[in-house]
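In: with the sequence up front, the predicted model follows.
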Amino acid sequence: MEVLLKKDMDRLGNKDEIITVKNGFGRNYLIPKGIAILATESVKKMHTETLKQRAHKYNQLKEEASKIYEKMAKKTFKVPVKVGENGKIFGSITNIQLADSLEKAGFKIERKNITLPSGNLKSVGKFEAELVLHKEVKGKISFEIIEG
């Protein structure tokens, strides 16, 4: 019996896979629990069309993310902070401040997608941060901590 999985199942398969299982397992467990549906010809056609649409959308998002990254890689972003004597910063810079600076420059990036260099950023200067804009679009941008 062929079924289309609606959920990920350990040792069975991942969501949106068509797998072959024994008749009793499919009829008595997978289908009644809503884990799978019977893979008829019409379900298979709908499944292939859905996969095509997902792949197309995935590629569009990837291209868009790479265009945004190309624009960001050319710039150096400035993060203004309050500075005391000897160029020391009150506190330290986090990805929240960098995300705010990026947003002011016109790039809306979630802070969880920004990784700052290791260690505390407690002084004025130039640094690099790692960005993840898409699963396959990752890179580094430069930013400068300035007195402001």
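Out: The structure has been received and is ready for your questions.

In: who does the residue nearest the centre of the chain bridge with?
Out: In the chain, the residue lying closest to the centroid (CA atoms, centre = their mean) is His134, at 4.8 Å. His134 has these beta-bridge partners by DSSP bridges: Val137.

In: that one reaches Ala65, doesn't it?
Out: Yes: using CB atoms under 8 Å, His134 is in contact with Ala65, at 3.8 Å. (Glycine included, C-beta is placed from N, CA and C.)

In: one step back: now the residue nearest to the centre of the chain: how far from Met9?
Out: Separation of His134 from Met9 (CB to CB, to the nearest Å) stands at 27 Å.

In: excluding residues flanking it in the chain, which one is nearest Thr50?
Out: Of all residues not flanking Thr50 in the chain, Asp16 sits nearest, at 7.5 Å (CB to CB, 6 or more residues apart in numbering).

In: wait, doesn't the one you found sit right on Leu51?
Out: Yes: with contact defined as CB under 8 Å, Asp16 and Leu51 form a contacting pair (7.2 Å).

In: out of these two, name the residue with the larger neighbour count.
Out: Asp16 (14 against 11; other CB atoms under 10 Å).
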